[in-house]
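*Asks:* missing the sequence, but the structure's below:
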């Protein structure tokens, strides 16, 4: 009991416990994105990986004569998120000088008939929260974002049905952001920008136990110190 009646030792122990609690409870400072980069929304993440995938496909595509019309045809998709990819695909191709169309006129129509067909299949395109955790024991929650895209495509000569180019690619995006920023990166009007938030709820029980234990220990040390002074 001589250890507990030593005022100097008791003070040091109390200080150490307080510091341990502070370092455990306070999260490390970080920028909004958590990775040293500017925070981007979930929709922008989808646009980013879509753009990277399209850039790679176009870099490997054979050059098309500028007067030729390319018909974009989706052979397979994954859902409403397909529209985000199509918008990027159209913009990228138009910016590179390729004439594109998303609808083909009937054979007896007087409209311009496409010369080629760009048929693409979205094998996968999604954005999800891979993990939701805490950077510290009772610190702020952080979210690991993961977006993936996989595409298979081919160009068909509509005059004879020949496939003269085939390409495929896949891209991935990963980062970590603060849980408090989720409302800023999600779009309430676009469902696929609001992934399911799968969280481990056990921390709600653990945190009060830890805090209660620390407070109880400090109170015990305080009264032990007081009794030693009497």
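*Replies:* Yep, it's here. What you see is a predicted model, and the numbers here were worked out from it, not measured in a lab.

*Asks:* in the strand ranked longest in the chain, which residues are buried?
*Replies:* Counting by DSSP state E, the longest strand found in the chain is strand 116-134. Using 16 or more other C-beta atoms under 10 Å as the test for burial, strand 116-134 gives 116, 117, 118, 119, 120, 121, 122, 125, 126, 127, 128, 129. Every C-beta, even on glycine, is put in place using the N, C-alpha and C of the backbone.

*Asks:* cool, and stretch 184-201?
*Replies:* Applying 16+ other C-beta under 10 Å to stretch 184-201 flags 185, 186, 190, 192, 193, 194, 195 as buried.

*Asks:* would you map the helices across the chain?
*Replies:* 7-25, 42-60, 82-95, 182-185, 203-229 (DSSP state H).

*Asks:* lowest-confidence helix or strand of the chain?
*Replies:* Scoring the helices and strands of the chain by mean pLDDT, DSSP states H and E places helix 7-25 at the bottom, with a mean of 53.

*Asks:* re the thing from before, the buried residues of strand 116-134 into JSON lines, with extra columns for distance to residue 82 and pLDDT?
*Replies:* Shown next, in JSON lines, are those (distance: C-beta to C-beta, whole Å; pLDDT from 0 to 100):
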{"residue": "116", "distance to residue 82": "21", "pLDDT": "97"}
{"residue": "117", "distance to residue 82": "17", "pLDDT": "97"}
{"residue": "118", "distance to residue 82": "14", "pLDDT": "97"}
{"residue": "119", "distance to residue 82": "14", "pLDDT": "97"}
{"residue": "120", "distance to residue 82": "10", "pLDDT": "98"}
{"residue": "121", "distance to residue 82": "11", "pLDDT": "98"}
{"residue": "122", "distance to residue 82": "6", "pLDDT": "98"}
{"residue": "125", "distance to residue 82": "7", "pLDDT": "98"}
{"residue": "126", "distance to residue 82": "11", "pLDDT": "97"}
{"residue": "127", "distance to residue 82": "13", "pLDDT": "98"}
{"residue": "128", "distance to residue 82": "17", "pLDDT": "97"}
{"residue": "129", "distance to residue 82": "21", "pLDDT": "97"}
